[in-house]
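[1] Here is a sequence with its predicted model. Questions after.
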Amino acid sequence: MFYSQTYSGINFTENPLPFGDYESCEFENCSFENADLSAYNFIDSKFINCNFSLCNIKDTGFRDVEFQKCKLLGLHFETCNKLLLIVKFTSCLLNLSSFYQLKIKKTEFYDCQLHDVDFAESDLSSSKFINCDLKSAIFENTNLNGVDFRTAINYTIDPEQNRITKARFSIEGIAGLLGKYNINIE
């Protein structure tokens, strides 16, 4: 168990992070690009300005973990440990990542780019997408009840294929709900 440690400027692709559980740790300006973090556990930890692109997170635990200004391209969150998966993303690049079939209620995304992210069959109820770009994100059979999309942009959501009860949208974003009808909104 690694407790309350700070890691700064380390390339964990070249020098692998020692296997184990990391609780109340902070990682800043570290690279995990293409690294294998399978079965590691991160609890109540924070990653700031780290690169996780194409990192293997199979069976990895993320409980109460915050990612700030991180590059998380192509991550398959659906392969990580689903038990107590609680994450928060602020100013992150999550393009081409997948949350397929995950139960991630109340997840917070702030100022994130989520192009081509797969949220199919996920439970995102009561989550927040604040100032997020959801260009080409996939929402199919997704539970979006109570989700806040008011400041999100570029999303396309089919109300007939997703649950959107009490979800919040801005008037400017209404076109993202009506795209399949091929109508002009002026």
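    Everything's here; your move. Numbers count the residues shown, from 1 in each chain.

[2] Tell me the confidence at G179?
    On pLDDT, G179 comes in at 66.

[3] How about the one 4 residues further on?
    Confidence per residue is given as pLDDT, and for I183 that number is 55.

[4] S127 too?
    Looking at S127, the pLDDT reads 98.

[5] Could you check how far it is from V147?
    5 Å (C-beta to C-beta, to the nearest Å). In this view, the C-beta of every residue, glycine as well, is placed from N, C-alpha and C.

[6] Between these two, point out the one with more neighbours.
    When S127 and V147 are compared for neighbours, V147 comes out ahead with 28 against 22, by other C-beta atoms under 10 Å.

[7] Direction included, what does the longest strand seen in the chain pair against?
    In the chain, ranked by residue count with DSSP state E as the criterion, the top strand is strand 61-68. The strands beside strand 61-68 in its sheet (DSSP bridges) come out as strand 41-43 (parallel), strand 46-48 (parallel), strand 86-90 (parallel).

[8] Would you reformat those as JSON lines and include distance to I164?
    Listed next are these as JSON lines, based on distance: least, C-beta to C-beta, whole Å:
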{"stretch": "strand 41-43", "distance to I164": "32"}
{"stretch": "strand 46-48", "distance to I164": "31"}
{"stretch": "strand 86-90", "distance to I164": "21"}
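
[9] Compute the number of surrounding residues for S170.
    By the measure other C-beta under 10 Å, the count of residues near S170 is 12.

[10] residue ranges with poor pLDDT in this protein?
    175, 178-186 (pLDDT under 70).

[11] mind redoing it with 80?
    When residues are selected by pLDDT under 80, those of the chain lie in 84, 173-186.

[12] now the helices for the protein?
    175-178 (DSSP state H).

[13] measure I174 to I157 for me?
    Counting by C-beta to C-beta, the gap from I174 to I157 is 11 Å.

[14] Contact partners for T60?
    L37, S38, A39, Y40, N41, F42, C80, N81 (C-beta atoms under 8 Å, 6 or more residues apart in numbering).
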